[in-house]
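Enquirer: 3D, please:
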Amino acid sequence: MFKICPCCKKEWPTVQDFVRDTNIEIRGYQANFTNPLEGYFLFTHLPQECRSTFTIKAAELSDLNPLIRELSQFKPGNEGCLGYCKEVNNLQQCTNSRCPGTHIRKIINAVKEKRGQ
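Expert: Got it, this is the predicted structure:
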């Protein structure tokens, strides 16, 4: 089992089931600047009877962008840093190819694309 909603107990057997569910909305990313795989994506389960927001570790969604498994620590504030990962609710795609955050943000885009957001 990939994920169970902590509020309504809805089950998503696989990552693909989860990211394709149109009742899930990605809300943000809380970076872990030492280990990008330990950061958290924030999601909200949208049905009116639930409205729960919960986290999923970046490592659990790494199949959506295998490059993040090879990443080193973030270096926020370095040359070319746009600072997006410092803002939990900022879902913009980073264009700094030297930053691990770029690969993390590709996961955000993959989730949004699979759901038509």
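Enquirer: is it correct that Tyr29 is in contact with Leu91?
Expert: Yes: counting by C-beta atoms under 8 Å, Tyr29 touches Leu91, with 7.3 Å between them. C-beta here means a position set from N, CA and C on the backbone, and glycine is covered the same way.
Enquirer: which residues do those two both contact?
Expert: Arg105, Ile108 (C-beta atoms under 8 Å, 6 or more residues apart in numbering).
Enquirer: pick out whichever of those two has more residues nearby.
Expert: Tyr29 (25 against 18; other C-beta atoms under 10 Å).
Enquirer: I'd guess the more buried one is in a strand, am I close?
Expert: Yes: assessed with DSSP: H, G, I helix; E, B strand; the rest coil, Tyr29 lies in a strand.
Enquirer: now do it, the pLDDT please.
Expert: On the pLDDT scale, Tyr29 is placed at 92.
Enquirer: try Leu71
Expert: The model's pLDDT for Leu71 equals 64.
Enquirer: same check on the one 10 residues further on?
Expert: Each residue has a pLDDT score; the one for Cys81 is 78.
Enquirer: specify the local secondary structure of it.
Expert: coil.
Enquirer: phi, psi for it please.
Expert: phi -70, psi 130 (degrees, to the nearest 10).
Enquirer: burial measure for it, as a count.
Expert: That count, for Cys81 with other C-beta under 10 Å as the rule, works out to 17.
Enquirer: ok, now Gln48?
Expert: Around Gln48 there are 5 residues (other C-beta under 10 Å).
Enquirer: from memory Glu11 sits against His45, does it?
Expert: No: contact criterion C-beta under 8 Å: Glu11 and His45 do not qualify, at 11.5 Å.
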